[in-house]
Structures are given as structure tokens and as C-alpha cells.
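Peer 1: Just to be clear, the model below is a prediction. Sequence and coordinates:
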Amino acid sequence: MRTSQYLLSTLKETPASAEVISHQLMLRAGLVRNVASGLYTWLPTGLKVLRKVENIVREEMQRAGALEVLMPMVQPADLWQESGRLDDYGPELLRLNDRHMRPFVLGPTHEEVITKLIANEISSYKQLPLNVFQIQTKFRDEIRPRFGVMRGREFLMKDAYSFHLGEDCLKKTYQVMFDAYCRIFDRLGLDYRPVIADTGSIGGDASHEFHVLADSGEDDIAFSDVSDFAANVEKAEALAPAGERPTPKAALTEVATPNVRSIEDVAAFLKVESSKTVKTLLVQGIATDDNQAPIVALVLRGDHQLNEVKAENLPQVAAPLTFATEQQLLDEIGCHAGSIGPVGLSVEVIVDRSAAHLADFVCGANKDDVHYSGANWDRDAKNYSIADIRNVVAGDPSPCGEGKIVIKRGVEVGHIFQLGEKYAQAMNCGVLTEAGKNQTLTMGCYGIGVSRIVAAAIEQNHDKYGIKWPAAIAPFQVAIVPMNMAKSARVQETAEHLYQQLQTAGIDVIFDDRKERPGVMFADHELIGTPLLLVIGERNLDKQEIEVKNRISGEKSLLAISDVMSLFTK
RNA sequence: CGGUGAUUAGCGCAGCUUGGUAGCGCACUUGGUUUGGGUCCAAGGGGUCGCAAGUUCGAAUCUUGCAUCACCGACCA
């Protein structure tokens, strides 16, 4: 490709709307342009990267035995009615009507369509197992699209769905997909981790997310500093503190705490560590027979945070997690938030493992502006159960039994899980078994955010000059940068010759034939992140040499023109 | 959904307080100059000042409504 015939579209200045570095660089390097909130046009350079990522994903999926299909982005709402998700999905699902006022949705994912397809196409156990995938645009009407293509509303995703007779077969394919994902991210050249993930409402035994490590990531990942253990903080188990709970020493004492509400204030006011206090959160419970939803109290150590996923998974707690209203607090407890505590509380009390290990702690006295000090479990606060309901924090013992927890940020770029029979059952997807009986299929599903990977790769690989693409996904493998070509026939001839030679060899090369000053060319190619620059100038031509500059390492070296192809034979 | 802020040329911004026919830098066009790290000089093109209504002799500027975009929050017991 010659730059004179190409759309480089680089910018010197950073558009004000871009927050994270990958978004800024994607705009400056001319990879994408914003069309509307969360919607982007991919320019030629960006599309080249996107296609390279896509192709690696496609190749590895095919190698793992999956078959490619393509399903429509617009889907009849009927299918979603059938699976029950039309009502469950919420406002992220964009609904629309066609000219006949028939209801449709824009597909945020394709379980319904694929399950329907397989239900129609597959009728015998002999055709199983089957794994199909597509690389298709999805639409999710996000509350707050942000960070460019990292969290857009429309995005490119690879989604695969596998179909099995039974769990054992599913587990085999799950492992095959796990391995394929590792190969994909290895080939992409990214620093990533598979992490144990919450299976969410879908259930199932296992689920893993694949995260690219980057500070701008939206998820917290808990690692062991010793073993390979890694889990999403949503899922990471907080172990009970070791040893016996200390014996109570202090007497239960009421303390006036006028206008002291938050844990921070209480700890400062009473001059105790926040880890020696507890906070009591009141949430909606599961409705009972008479349709009255009770309130449930969740008790945590003052310095810990509630894990909403863990709380929602408790049988007593309503999902989605909803905090009690102020009116409920007044009616049921008789005081405002900030003065609630487990002593003498009449509602069901669930205590986090760490909070349950405290003795002589501080808590609200269920009267406004009053706290207790010297409170103790069993002696003062009775009738409670213990559960793991907090987020792990750095320094906690790792749930794998080895080492301590370290927390890093990650960008979720892949997610695999075992779906089970949920969709197959709803959409009547089954086959005849060897015994001639109809059996519902067991499914797995496996997603990769293709467009998000592009952003994540930049988050992980950039410097002050621009993007430093991993070689496998760089838009160009090499750039030819001639110095003052217009003034030197020798330079021009050499550049043209090299360009022909590289093109013939199938190398993805960009030839900067613009009549620009060297600084402009260097700056553009460094911004775009081409891994290799071949600099051709009068200076080195006498010795039949050119300069090779490596974008990643910054190294420069001289190379005989005749040896150029050796750069690509490794 | 709540809070905050923004909207003036393709991009980044000034002008608004104190109303008087719209400006700067980058980019773009033309000519010259320069040429191994975003040259310099000169001339030029490009804007219903987000939309609508109001106040006024006169509105980018004041008032009201609407739209769009962005950021923050949704851990409070």
C-alpha cells in the first residue's frame, strides 16, 4: 500500500472526548471514528487490525473443530419470548418493529437463534457433539458506553455454541475451547489470564473469563502470589480468618454518637480501627407465601465491602440485590441508616465470615445517634448465620490454599461457560438417543470480544509516541520510509524496488511515498505502530545499506539492501 | 436513572461577565522555502455559533425549553 493512495487519517491532537489511552490512540492513529454514542466506523487501518484479530480467532476455532455460520443481527422477538429472555433481558435489549409492526430485537447474543437452528437441523445422537461459531456484530444498549470500542454498544464478537448429549461430553468440549482460547491469546501476543468467573443466573459447573491485564480494566481480578489461581473478585472466595474467635473482654456499652453515621466517622469518633467495627446493610429478602418480602440484614466488617454477587446467591436474599428503603428502615428497625447493628435485631441476620470472627466490636445500636462498643457475638447478638458475602482484598489468604491475594485490573475479552439445558429445554432442542428416546441437549457457549481485543491490545502496548502492536495484529508488518525521495533518484529507485520485492513476497507493507519531511513520516508510523521501519536515505546508500528501526525495542541497525528479506524469514 | 459540565470551521480552543455584522492554533488549497525527527514565509477557502422560542433597534453573548456529547455516582447502613 502506498500512503498516497491510502487513508491515513492521523491526528496531531487528541480529541477531547477520549478518556482512556487506547481510545485516544485509536482516534489519533486513524483506526476508528465516532458515529454516535457507543457506535464507531472502522477506518482502513483499524479494520486491518480487526480482521487480523478475527482471522486468528477464526483459525483457532476451526482448528478446535468448530464450524463457522453467520446468523442475522436482527432477530424475531418471538424467539426471545420462547426462551423467556424477552422479559428478563431488560433495557439493554434494543427492541424494534418492522413495517408490519412485527416485533424484532437487535441481537446482543445468539443463543435463541442457534438453539432454534440446531433443534431443526439435528435429530440424531449420531450428529453430536457439534460446535458452531460465528463472528458477527452484536448490539447491547449499554447504560453508559465508554472508553471507545472497549465498551461500545455495537461491537464485533465471536460466539460459539456447542451441543452435547450430557455433561461429560460438554466438559470435553469446554476444555478444548479453554485450550483454543489460550492459543488465541498466545498468538495475539497479549498478557492475559484465564480466571474463574461467576456463572451468574445461568448456573452450571464451570465458567472462565479471559482477561487482558491492564490498569484501565473494568474488572478486579484476584490472584494468588504463589500459585496459578486467578478469579474474578465477584467470585473469589473470602476464607474465614484462621484460629478461634477471641474471647470477649469488654462489656456492651451504649455510646452517644451524634451525627456520626459512616464507618469512617464512627471509627474516627471512637478512635478505633474500622476493622474493629461492623456495618449492617439491610436488603430485600425473598417474598414469603403471604407475599411479604422480609428485610434481611447483612453484616460486614467496617473495612470490608459487600460482594453483590455472593449476596444475591444467598437463598434468603432477593435477586437483583435491592437495598431496603428508608421507610422500611424506619418501620422495621426504628432508626436511620448509619445506626443499625446486629444486637437485638429482629430480622434475619447473615454475618460475613470475617465480621463473625470479631470480638469486642463497635456497631450501631438501632437507635439514631447511638452505637455500641464492646459488642460480642452470641453474648449480645444472637440468632445469626455465617456466610461469605464480602469482596476479597489484597493480602487475604488465597482460596486455593497457597499464598496471598493480589488484585489487578483486567479487561474481559473472553468468556466461556457451560450453559446446560436452559435454552435447549426452552426451545425444545433434543435428539433421539441410541435407545430411541428423546433427550434434551446440553449446551456450552464461548464468546470473544473481537473489537474489544483491539482496544485491550493498545492498552497493554503503547508508549508516548503511539501504539506498539504485537506483530501478529499490526496493521502493517513493515513501513518503507524514504528520506527526500523527491530529490534523490537513488532513494526513489531503492524504495520502489524494495516495495515491489516485499509485495511480491506477500509482506504487508506500507510505502510512505508522500512528499513529506522525515519527521512527519516517522511520527505517523510510530503513532500507527508499524513494528518495522525501513529508512532509506542517501546517507547509507553508498554502502548499499538501509536503516532498520524496530518500533518495539527502539533499536536501529544498518542492513545490506540485499539482506532485507532475512527480516521476514524467522 | 441521578449529579456535574460541555456544545463556536474537519480537530483543539478563545470570544459570552459588560449584546453592536465571529477569532486563534492545527489541518486543507496555492506559491515560494526547507529536507534524517511534526521547517519557515506569504496568500487563500471553509462557520444558519447544537435546535427552538423569547427579550432587544440589534443575540454566539441575556431568558426559557429541548436535543446531543462527555465525566462522576449508583457501597449507604
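Peer 2: Ah, there it is. Numbering: from 1, shown residues only, chains lettered A, B, ... in the order given.

Peer 1: can you give me the helices for chain A?
Peer 2: Counting by DSSP state H, chain A has helices at residues A:21-28, A:44-63, A:77-83, A:85-88, A:111-121, A:167-188, A:263-270, A:308-312, A:326-332, A:422-426, A:450-460, A:489-504, A:518-528, A:538-541.

Peer 1: residue contacts, the closest residue to RNA strand B within the stretch 51-200 of chain A?
Peer 2: Taking CB to the nearest atom of the strand, RNA strand B has its nearest neighbour within the stretch 51-200 of chain A at A:Arg146, 4.2 Å off. To be clear about C-beta, it is placed using only N, CA and C from the backbone, and glycine gets the same treatment. Applying CB atoms under 8 Å, 6 or more residues apart in numbering to A:Arg146 gives the contacts A:Glu19.

Peer 1: same deal with A:Ala251?
Peer 2: For A:Ala251, the contact set (CB under 8 Å, 6+ apart) comprises A:Gly374.

Peer 1: same deal with the one 4 residues further on?
Peer 2: In this structure, A:Val255 makes contact with A:Leu270, A:Val370, A:His371, A:Tyr372, A:Ser373, judged by CB under 8 Å, 6+ apart.

Peer 1: averaged over its residues, what pLDDT does stretch A:180-196 have?
Peer 2: For stretch A:180-196, the mean pLDDT works out to 94.

Peer 1: Give me the distance from it to the chain's centre.
Peer 2: Taking the mean of its C-alpha atoms, stretch A:180-196 sits 13 Å from the chain's own mean (CA atoms, centre = their mean, to the nearest Å).

Peer 1: Sketch out the strands for the stretch 351-500 of chain A, chain order is fine.
Peer 2: In the stretch 351-500 of chain A, the strands defined using DSSP state E, counting those that start in this stretch lie at A:361-367, A:370-375, A:384-387, A:405-420, A:430-432, A:438-440, A:442-449, A:462-463, A:466-467, A:478-482.

Peer 1: Ok, the stretch 151-300 of chain A next?
Peer 2: The residue ranges that make up the strands of the stretch 151-300 of chain A, judged by DSSP E, counting those that start in this stretch, are A:154-164, A:192-196, A:207-213, A:219-224, A:230-232, A:253-256, A:278-284, A:295-301.

Peer 1: so which of the strands of the stretch 351-500 of chain A comes closest to A:Asp220?
Peer 2: Evaluated over those, closeness to A:Asp220 peaks at strand A:405-420, with 5.4 Å, by CB to CB.

Peer 1: quick one: which of the contacts of A:Val255 is nearest A:Gly38?
Peer 2: Of all these, the one sitting nearest A:Gly38 is A:His371; the distance, using CB to CB, is 45.7 Å.

Peer 1: what bridges to that closest one?
Peer 2: A:Val255, A:Gly364 (DSSP bridges).

Peer 1: how near is it to RNA strand B?
Peer 2: Between A:His371 and RNA strand B the distance is 10 Å, computed by CB to the nearest atom of the strand, to the nearest Å.

Peer 1: how near is that residue to A:Val299?
Peer 2: Here A:His371 is placed at a distance of 14 Å from A:Val299 (CB to CB, to the nearest Å).

Peer 1: Could you dump the strands of the stretch 151-300 of chain A into a markdown table with distance to RNA strand B added?
Peer 2: Output for these, formatted as a markdown table (distance: least, CB to the nearest atom of the strand, whole Å):
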| stretch | distance to RNA strand B |
| --- | --- |
| strand A:154-164 | 12 |
| strand A:192-196 | 19 |
| strand A:207-213 | 19 |
| strand A:219-224 | 11 |
| strand A:230-232 | 14 |
| strand A:253-256 | 15 |
| strand A:278-284 | 3 |
| strand A:295-301 | 8 |
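
Peer 1: Adding distance to A:Val317, write the ones you listed out as a markdown table.
Peer 2: Formatted as a markdown table, the entries for those read as follows, by distance: least, CB to CB, whole Å:
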| stretch | distance to A:Val317 |
| --- | --- |
| strand A:154-164 | 31 |
| strand A:192-196 | 22 |
| strand A:207-213 | 21 |
| strand A:219-224 | 22 |
| strand A:230-232 | 20 |
| strand A:253-256 | 30 |
| strand A:278-284 | 6 |
| strand A:295-301 | 6 |
